[in-house]
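**Student:** Got a predicted structure plus its sequence, pasted below:
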Amino acid sequence: MNEMRPVYLLGAAVTPVAEHWERSLGDLAHEACAAALGDLPRTAVDALVVANALAPALQLQAQLGAALADACGLTGIEAWAVEAGGAAGGVALRQAALMIAAGAAELVVVLGAEKVSDVLDARREAATALSSDADWEGVHGATLTAQWAMLMRRYMHDYGVGAADFAPFPVNAHARAVANPAALYRFAVAPGRIAGAAPVADPLVLLDCATAADGAAAVVLASAALAGRFAGPPIRLAGSAVATDRLALHARRDPLWLAAAGQATALALRRAGLAIGDIGAAELTDPHGIAAALALEAGGFVARGSAVRHAADGRFGSGGVLPLANAGGYKARGDLLGATGVYQVAELAALMRTPGAPRATLAQCLGGVGATAAVTVLVRDDA
Amino acid sequence: MELPRHWRLRAARYRLLGARHRSTGEVVFPREPRHAADAWDDLPLSGAAELYSFSVVRQPATDDDAPPALLALVRLAEGPLITARITDCRADELTIGMPLEMVTRALRALGPDGLIVYGYAFRPLVWPA
Amino acid sequence: MRRPVNPVGITGYGGYVPRYRLAAHAIHDVWADGAGALPVDAKSVPGFDEDTITMAIEAGRYALRRGGIDGAALGAVWVGSESHPYSVKPSGTVVAEALGAGRWISAADWEFACKAGSEALSAAMALVGSGMAQHALAIGADTAQARPGDALEYTAAAGAAALLVGPAEAALARIDATVSYVSDTPDFFRRADRPYPVHGHRFTGEPAYFHQVRSATTALLEGLGTTPADYTYAVFHQPNARFPQLVARQLGFSAAQLAPGLLSPQIGNTYSAAALLGLCAVLDIAQPGDTVLLTSYGSGAGSDAYALTVTDQLAARRAAAPPVQAFIARQQAISYALYARQRGKLVMG
């Protein structure tokens, strides 16, 4: 492969995650984009990569590159949208990074935007299910939540754990969201409350299910030439990778093994020149404890069948070996669908600028039940 | 109205028409484009199956999926794993590993003027129970 | 009296009854303060995902299994029902496709109130008996509809029965002869595009059900030179528990002859399936040499009567599929409220 140029993260911003009744997809996109660019001249922006999952289904709006470039005051720019279900954010980040690495652009804005509250009936759940296999899963009434629930039940069966054993994941997520002003749910949840919550898709209960909400996040990526214009140690997008798996969950040889997540994680780490032990904090697609557990196992962070036990030991909490959901994760920050991958990187970048923060972090987002996995590795180049 | 996309899948949906590799004996369902005719033969599967996992869908994706509906991953006797609804059953009657049998049911109606889509669902054995 | 040129018989059969039951007293509690006589104990109710087509497919599969043939060997797939899911679009082609039948066959739907299934059976006899086909599948299936609160609501049930007709030498039960009798008698009907049928109350009795059933049965007995005592079993269309028992008595059949095929007290009136399902239940227990008299009835009105003789092939092949009693035993009682939801009787605005 040709020599690739390093890619730096110049700025990042997110809107609060909420039900933004009075604001449109474009309104949210504009806020995040403007905040991320700050006083950078708009003429410095070479391209806009949009990440979104549901606008064609919920807003009946496609061609989001032009639509959101327009909304952000960037009309005329090269712009397009990435569609990869819940992995769109991570895929968009990688596409933008590749443009810069290849020398095709100096500064690219990655904009994740999702607006789910425009539609309130079953169409919303149907839109979420778009990322499953329409002919062989969707037609039978499969929803993403139910698919994670089936994996959870099988995991419980195979490894002899109970539904309540997954509680440390949502408990940690809620605890970490308290300090995040942009989070959807800024309150802690007691471990004992999880198991007694109302069932959503048995064995998944309400307090182990993320809520989809509205928001936008923007990340500004740039080449080394522009990176020096900002104060503080630069954060480098040191590696990224995208991998895919069989679209239908049932078509996988081993449904409890998120192969794409494992493959993308390994590849991104290799591209960053890092080992798994170098990662000091991570963001995962963790709408439910089971999703985090399977991603951790496939990613090689813990041994197969052990994620739940490690969670009970505090490994993934604040101060643990690998803190997760550092700004609340899917469960408490909220599920931004196609925008989530951009939120994750913005959150990790902010974390990495706090005192004592890890030097290397990893963000992983999944489309559907892991048919697409996108991983981004960030490294702070301390002086 | 969605007609062709359901129509073209009828053999697989109505009677589990899969395919078997002529030399390895591997069975696939559904048959995909890569299962070329020079190596794979059509094979209607028996419908005998085992419950791999299941969930109770309480927030359905369409108004057609009368909640609570039982969604399952089902291991067919010939090997493939498929997604299907469990019918004629309550959740408390299900356990992982139990035998199931295929039945053909109405999966959904595409609106009051639309097509009724039929396909496979599974249920606990009726006989011998 | 009719006999095909080539002798034919039932070479396979299959019955199906849905899992859900609505007790007659549950209906009575809603509409009649729980007082008065009940026409049946309970009726079968189809699940959310069931209709005439799905039930016909299941019964058809069992018939093929007992027949020991592939769907590809069928020359006709005929479905009799008064509750076809489509007003226009055959149930028969869906059922044929699901059973793996070939393309070069006859497939169609029959309608004659509760006699549509036996009409298909007579046609199948003719097709096979004339040599135009080796095997023909006749199915009666219904998810009968009734206006809430109407007397029919107690009995309008769901079920399916499939009879595979083939050459007599392969038969589990030979069909010795048949009689068909019809008259224009408007005892029960449903106008096009109306959701529920109407019925003539007591007019459905003597001039309708009893006249047709007696006429066809008597003609068959006389044609064959037989008497009721010559039959091991008798099965009549069963719109409720009382009518078949009364007509059996009028004709001189005993309660013992009637009992194995009398399913209506437990599952209600399965309309196009009712008489055929009773026959299936009899074949589940019959022995070689046993004889069966079967008379259907359809409003509007008419009856088909058949005389059958069980062969020594039945015992070995009936175990290939579940007996009707397995479906009758498999039951989950539901409330009137759940029934109303399941059958789409709640006004959704």
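**Tutor:** Received the coordinates, thanks. Numbering: from 1, shown residues only, chains lettered A, B, ... in the order given.

**Student:** Mind giving me the packing neighbours of the longest helix anywhere in chain C?
**Tutor:** Here the longest helix in chain C is taken by residue count, with DSSP state H as the criterion, and it is helix C:52-67. When contacts are defined as 3 or more CB pairs under 8 Å, 6 or more residues apart in numbering or on different chains; DSSP states H and E, helix C:52-67 sits against strand B:99-109, strand B:116-124, strand C:8-16, strand C:76-80, helix C:91-98, strand C:136-143, strand C:158-167. Where you see a C-beta, it was placed from the backbone N, CA and C, and this is true even at glycine.

**Student:** of all those, which lies closest to A:D135?
**Tutor:** Shortest distance between A:D135 and the helices and strands packed on helix C:52-67, using CB to CB, is found for strand B:116-124: 10.1 Å.

**Student:** on that earlier part again, now find how far off-centre the longest helix of chain C is within its chain.
**Tutor:** For helix C:52-67, the distance between its averaged C-alpha position and the chain's averaged C-alpha position is 13 Å (CA atoms, centre = their mean, to the nearest Å).

**Student:** Report the backbone C-alpha coordinates of that helix in PDB.
**Tutor:** Output of helix C:52-67 as PDB, limited to C-alpha atoms (Å, rounded to 0.1, in the frame of the first residue of the first chain):
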ATOM      1  CA  THR C  52     -58.600 -21.400   5.200                       C
ATOM      2  CA  ILE C  53     -55.400 -21.600   3.100                       C
ATOM      3  CA  THR C  54     -53.000 -22.400   6.000                       C
ATOM      4  CA  MET C  55     -55.400 -25.000   7.400                       C
ATOM      5  CA  ALA C  56     -55.900 -26.600   4.000                       C
ATOM      6  CA  ILE C  57     -52.200 -26.800   3.600                       C
ATOM      7  CA  GLU C  58     -51.700 -28.600   6.900                       C
ATOM      8  CA  ALA C  59     -54.500 -31.100   6.200                       C
ATOM      9  CA  GLY C  60     -53.200 -31.600   2.700                       C
ATOM     10  CA  ARG C  61     -49.700 -32.400   3.900                       C
ATOM     11  CA  TYR C  62     -51.100 -35.100   6.200                       C
ATOM     12  CA  ALA C  63     -53.200 -36.600   3.400                       C
ATOM     13  CA  LEU C  64     -50.100 -36.800   1.100                       C
ATOM     14  CA  ARG C  65     -48.100 -38.400   3.900                       C
ATOM     15  CA  ARG C  66     -50.700 -41.100   4.500                       C
ATOM     16  CA  GLY C  67     -51.000 -41.500   0.800                       C
END
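
**Student:** hang on, isn't C:Y209 packed against C:N240?
**Tutor:** No: applying CB atoms under 8 Å, one finds C:Y209 not in contact with C:N240, separated by 9.8 Å.

**Student:** ok, these two, which is more surrounded?
**Tutor:** C:Y209 (27 against 20; other CB atoms under 10 Å in any protein chain shown).

**Student:** Give me the neighbour count for whatever residue of the stretch 201-349 of chain C ends up closest to chain B.
**Tutor:** Of the residues in the stretch 201-349 of chain C, the one nearest chain B is C:P322, at a distance of 3.5 Å by CB to the nearest CB. A count of neighbours around C:P322, defined by other CB under 10 Å, yields 23.

**Student:** Was I right to think it contacts B:W127?
**Tutor:** Yes: judged on CB under 8 Å, C:P322 makes contact with B:W127 at a distance of 3.5 Å.

**Student:** residues in chain A within reach of chain B, list them.
**Tutor:** Listed as neighbours of chain B in chain A under the rule CB under 8 Å from any CB of the partner chain: A:122, A:125-126, A:128-129, A:133, A:135-143, A:145-147, A:149-151, A:153-154, A:157, A:199-204, A:248-251, A:255.

**Student:** Helices of chain B, residue ranges please.
**Tutor:** All helices of chain B, identified by DSSP H, fall at B:4-7, B:10-15.

**Student:** so which of those comes closest to chain C?
**Tutor:** By CB to the nearest CB (comparing all of those), the closest turns out to be helix B:10-15, at 4.0 Å.

**Student:** CA atoms only for that closest one - export them in CSV, please.
**Tutor:** Listed next in CSV are the C-alpha coordinates belonging to helix B:10-15 (Å, rounded to 0.1, in the frame of the first residue of the first chain):
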residue,chain,number,x,y,z
ARG,B,10,-42.8,-18.7,-2.6
ALA,B,11,-41.1,-22.1,-2.9
ALA,B,12,-38.7,-21.4,-0.1
ARG,B,13,-41.4,-19.7,2.1
TYR,B,14,-44.2,-22.3,1.5
ARG,B,15,-42.3,-25.5,1.6
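
**Student:** just checking, which of the residues of chain A next to chain B belong to strands?
**Tutor:** Using DSSP state E, the subset of the residues of chain A next to chain B located in strands is A:199-202, A:204.

**Student:** circling back to that earlier point, please report how far the residue of the stretch 201-349 of chain C closest to chain B lies from C:A329.
**Tutor:** When CB to CB, to the nearest Å is the yardstick, C:P322 and C:A329 sit 10 Å from each other.

**Student:** show me what contacts the residue nearest the centre of chain C?
**Tutor:** Centroid-nearest residue in chain C: C:A273, 2.1 Å away (criterion: CA atoms, centre = their mean). Listed by CB atoms under 8 Å, 6 or more residues apart in numbering or on different chains, the contact partners of C:A273 are C:15, C:55, C:59, C:117, C:140-142, C:159-161.

**Student:** For the stretch 51-200 of chain C, which residues are neighbours of chain B?
**Tutor:** In this structure, the stretch 51-200 of chain C approaches chain B at residues C:51, C:53-54, C:57-58, C:85-86, C:94, C:97-100, judged by CB under 8 Å from any CB.

**Student:** Mind putting these into JSON lines with neighbour count and pLDDT?
**Tutor:** Written out in JSON lines, the entries for these read as follows (neighbours: other CB atoms under 10 Å in any protein chain shown; pLDDT from 0 to 100):
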{"residue": "C:D51", "neighbour count": "24", "pLDDT": "98"}
{"residue": "C:I53", "neighbour count": "30", "pLDDT": "98"}
{"residue": "C:T54", "neighbour count": "30", "pLDDT": "98"}
{"residue": "C:I57", "neighbour count": "28", "pLDDT": "98"}
{"residue": "C:E58", "neighbour count": "28", "pLDDT": "98"}
{"residue": "C:P85", "neighbour count": "17", "pLDDT": "97"}
{"residue": "C:Y86", "neighbour count": "14", "pLDDT": "96"}
{"residue": "C:V94", "neighbour count": "25", "pLDDT": "98"}
{"residue": "C:E97", "neighbour count": "21", "pLDDT": "98"}
{"residue": "C:A98", "neighbour count": "26", "pLDDT": "98"}
{"residue": "C:L99", "neighbour count": "24", "pLDDT": "98"}
{"residue": "C:G100", "neighbour count": "18", "pLDDT": "97"}
